[in-house]
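K.L.:
can you look at this prediction? I've put the sequence above it.
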Amino acid sequence: MTEKEKAAKGLLYNANYDPEILSDREHAKEALYHYNNLHPAKVDERKLVIRNLLSKIGHEFTIEPPFYCDYGYNIEIGENFFSNMNFVVLDGARVTIGNNVFIAPNVGIYTAGHPFDVEQRNQGLEYAYPVTIGDNVWIGAGVHILPGVTIGDNTVIGAGSIVSKNIPANVLAVGNPCKVVREITEADKNKYK
């Protein structure tokens, strides 16, 4: 079994010394170097770089540079996506993001983690668990989403949260660790009128 196959199955895999994985990361770094240094007016070229890097992305999207990811081919993004500056995705496992998702600055999605055992960690081993974000989700500034998390549709994650467990649909959740504060209700529709 290859190291990429191990990663896809959620097993420990060699992320630091496997030639195929290192080559894949180098390809992503080169594409992102180009992307992050393009003139802001080169919108079409920026979109083409992202389309060639990610597994899937909707027709309408904005990813403000700088943007960083490990591989790109494990990332699927729906329609009408927006991410602000300094979006980081460590995509050793699949990252699935739904439609109409807004991501504020300095957000990180991390599928990868390392063993507590020092010998395994020093061998370059890590694990990766998928992250799923539903439709119509807003992720606030400085949020960190950890391996294996699912965030339900229509949910808001408050700024600065560390999301280490699944968050259901239709809620406001915030904190470290991130917890549900309340449901999003009809009253929220009139809050800013």
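P.N.:
Received it, and whenever you're ready, just let me know what you need. Numbers count the residues shown, from 1 in each chain.

K.L.:
V156 reaches N136, doesn't it?
P.N.:
No. With contact defined as C-beta atoms under 8 Å, V156 does not count as touching N136 (9.6 Å). Where C-beta positions appear, they are placed from N, C-alpha and C, glycine not excepted.

K.L.:
who's more crowded, these two?
P.N.:
Regarding V156 and N136, a neighbour count based on other C-beta atoms under 10 Å identifies V156 as having more, with 20 against 17.

K.L.:
phi and psi next, for that one.
P.N.:
phi -120, psi 130 (degrees, to the nearest 10).

K.L.:
the one 10 residues further on too?
P.N.:
As for N166, its main-chain torsions (degrees, to the nearest 10) stand at phi -60, psi 140.

K.L.:
grab the nearest non-local neighbour of it.
P.N.:
Among residues not flanking N166 along the chain, T150 sits closest, at 4.7 Å (C-beta to C-beta, 6 or more residues apart in numbering).

K.L.:
identify the bridge partners of A128.
P.N.:
Beta-bridge pairing of A128, defined through DSSP bridges, involves A112.

K.L.:
residue contacts, it?
P.N.:
Contacts of A128 were listed using C-beta atoms under 8 Å, 6 or more residues apart in numbering, and they are A7, G10, Y13, G92, A93, T111, A112, G113, P147.

K.L.:
mind telling me what element the closest residue to G58 other than its chain neighbours is part of?
P.N.:
Leaving aside its sequence neighbours, G58 sits nearest to E79 (C-beta to C-beta, 6+ apart; 3.3 Å). For E79, there is no enclosing helix or strand under DSSP states H and E.

K.L.:
neighbours around E79, how many?
P.N.:
14.

K.L.:
ok, it - contacts?
P.N.:
With C-beta under 8 Å, 6+ apart, E79 has these contacts: G58, H59, E60, F61, N99, N100.

K.L.:
then D24?
P.N.:
K4, Y71, Y73 are the contacts of D24 under C-beta under 8 Å, 6+ apart.

K.L.:
the last one contacts S55, correct?
P.N.:
Yes. Between Y73 and S55 a contact is recorded at 5.1 Å, counting by C-beta under 8 Å.
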